[in-house]
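Chemist: how does the following fold in three dimensions:
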Amino acid sequence: MTEIAPSVKNQIEVNYQLQEPPLFKVIYVNDDTTPMDFVVESLIDHFEYSVDNAEQITISIHEAGSAVVAILPYEIAEQKGIEVTMSARQNNFPLQVKLEPTE
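Modeler: This next block holds a predicted model:
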């Protein structure tokens, strides 16, 4: 004769509360070597700014020493920072891009 084990069903409560991913500031840091034209082009190419907005942000970076150019979820901010840094290095510019969490 075959013995049949009793069937036990566990109920698991699933938490469906989704949270927005944390946002990070993408910050360009001014230097004396990277040309303003390169900064403008990087803002247009990587962050899809208009020419006028990119020029205004570039002037802010130059005058203040740094400026927030975007606020994005961490993974996207990190990727944009890497892309801009790689582009700057390929053109022999020392442009620095920092990420900081928003508060």
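Chemist: dump the residue contacts of the residue nearest the centre of the chain.
Modeler: Centroid check for the chain by CA atoms, centre = their mean gives Ala77 as the closest residue, at 0.8 Å. Shown in contact with Ala77 (CB atoms under 8 Å, 6 or more residues apart in numbering): 23-26, 70-71, 99. Glycine gets a C-beta too; all of them are placed from N, C-alpha and C.
Chemist: which helix or strand contains it?
Modeler: Element membership of Ala77, judged by DSSP states H and E, is helix 74-90.
Chemist: with adjacent residues omitted, what lies nearest to the residue nearest to the centre of the chain?
Modeler: Computed as CB to CB, 6 or more residues apart in numbering, the closest residue to Ala77 that is not its neighbour in sequence is Phe24, at 4.2 Å.
Chemist: for the one you found, grab phi and psi.
Modeler: phi -130, psi 150 (degrees, to the nearest 10).
Chemist: what subset of the contacts of Ala77 is buried?
Modeler: 24-26, 70 (16 or more other CB atoms under 10 Å).
Chemist: dump those residues into a markdown table; add secondary structure, distance to Ile4 and pLDDT as well.
Modeler: Formatted as a markdown table, the buried ones among the contacts of Ala77 follow (DSSP: H, G, I helix; E, B strand; the rest coil; distance: CB to CB, whole Å; pLDDT from 0 to 100):
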| residue | secondary structure | distance to Ile4 | pLDDT |
| --- | --- | --- | --- |
| Phe24 | strand | 56 | 98 |
| Lys25 | strand | 62 | 98 |
| Val26 | strand | 62 | 98 |
| Ala70 | strand | 62 | 98 |
